[in-house]
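> kindly generate the corresponding structure for this input.
(4 chains)
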Protein chains: 2
Amino acid sequence: MARAATTADTFNAVAEPRRREILDALTQGERPVNELVTLLGLAQPHVSRHLRVLREVGAVVVRDEGRQRLYRLNPQALKPIYDWVASYQHLWEERFDLLEDVLEDLKEEH
Amino acid sequence: MARAATTADTFNAVAEPRRREILDALTQGERPVNELVTLLGLAQPHVSRHLRVLREVGAVVVRDEGRQRLYRLNPQALKPIYDWVASYQHLWEERFDLLEDVLEDLKEEH
DNA sequence: CGATTGTATACCCATATGGATATGCATTGG
DNA sequence: CCAATGCATATCCATATGGGTATACAATCG
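Numbering: from 1, shown residues only, chains lettered A, B, ... in the order given. Prediction:
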């Protein structure tokens, strides 16, 4: 089998830098496709495709407004990623504490 | 251009479920490749490749111990992901508060 | 030193992109 | 009702996998 489909899960959807850019742009609020096209400097079809992937994992939702389609962020979709990575947080913090201990010991030796 | 190389950044490295499994396994401590092979139920060459990707983004470090190569987690490598996703946290929490408000209003109406 | 064990690499294959471009559709304006 | 505008899709192409299998290497053992 080849690489798992990008649309399969949020981790993959967000692994693509352009898609993170789109999400970042949407933190400012709802935006029509064209605005994202301008912001990202990508061709419109590409933006539409990235939006589709993001929609499929639930990271964005659409709303029709006349001729335009307004995309809005759905931040909850990112929670699984947060939960996963947050479970590692204490590890790098512990490590930081360890480093501090070592520095402390060194200071005391002098 | 095709999809960005997996080895390019931590987001891509971690987008692969098997690699997350490896990282999760390494939270228990240093492990030789063979142990990961058993744990994941993957062929040894695949595990070695995933480990290589993880090594290239700095998510794991290796240490030679006789014939074995012991892999250890380097949690700090995950911090960029944490930082990115954490910046969205207040968004879904706000939303949660909003929901709570609505529920509260509904209760008061009855 | 030859055999065994533990890993990393090299290839081969099918598949899933991401980007480019052309095109189909729906909504709005004249 | 026809043209223009805003998007979504369909194709085509090059590339990067991930999995399978064979193989090259290094270290250890007898």
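
> how about the nearest residue to residue A:19, chain neighbours excluded?
residue A:50 (5.0 Å; CB to CB, 6 or more residues apart in numbering or on different chains). For glycine as for every other residue, the C-beta is placed from the backbone atoms N, C-alpha and C.

> got it, and residue A:21?
In space, and not counting its chain neighbours, residue A:21 is closest to residue A:40: 5.7 Å by CB to CB, 6+ apart.

> wait, that neighbour touches residue A:24, no?
No. At 10.2 Å, residue A:40 does not count as touching residue A:24 under the criterion of CB atoms under 8 Å.

> okay, and the common contacts of those two?
For the pair residue A:40 and residue A:24, no residue contacts each of them under the criterion CB atoms under 8 Å, 6 or more residues apart in numbering or on different chains.

> for the helix or strand where the residue nearest to residue A:19 lies, buried residues please.
With the criterion set as DSSP states H and E, the secondary-structure element containing residue A:50 is helix A:44-56. Neighbour-count burial for helix A:44-56, with 16 or more other CB atoms under 10 Å in any protein chain shown as criterion, is recorded at A:47, A:50-51, A:53-56.

> export that helix as PDB, just CAs?
Below are the C-alpha coordinates for helix A:44-56, written out as PDB (Å, rounded to 0.1, in the frame of the first residue of the first chain):
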ATOM      1  CA  GLN A  44      -7.800  28.800  -7.200                       C
ATOM      2  CA  PRO A  45      -8.200  25.100  -8.000                       C
ATOM      3  CA  HIS A  46      -5.500  24.300  -5.500                       C
ATOM      4  CA  VAL A  47      -7.000  26.300  -2.800                       C
ATOM      5  CA  SER A  48     -10.400  24.700  -3.500                       C
ATOM      6  CA  ARG A  49      -8.700  21.300  -3.100                       C
ATOM      7  CA  HIS A  50      -7.000  22.100   0.100                       C
ATOM      8  CA  LEU A  51     -10.300  23.400   1.400                       C
ATOM      9  CA  ARG A  52     -11.900  20.200   0.400                       C
ATOM     10  CA  VAL A  53      -9.400  18.200   2.400                       C
ATOM     11  CA  LEU A  54      -9.800  20.500   5.400                       C
ATOM     12  CA  ARG A  55     -13.600  20.200   5.100                       C
ATOM     13  CA  GLU A  56     -13.400  16.400   4.900                       C
END
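
> if anything else comes up later, I'll come back, but that's it for now.
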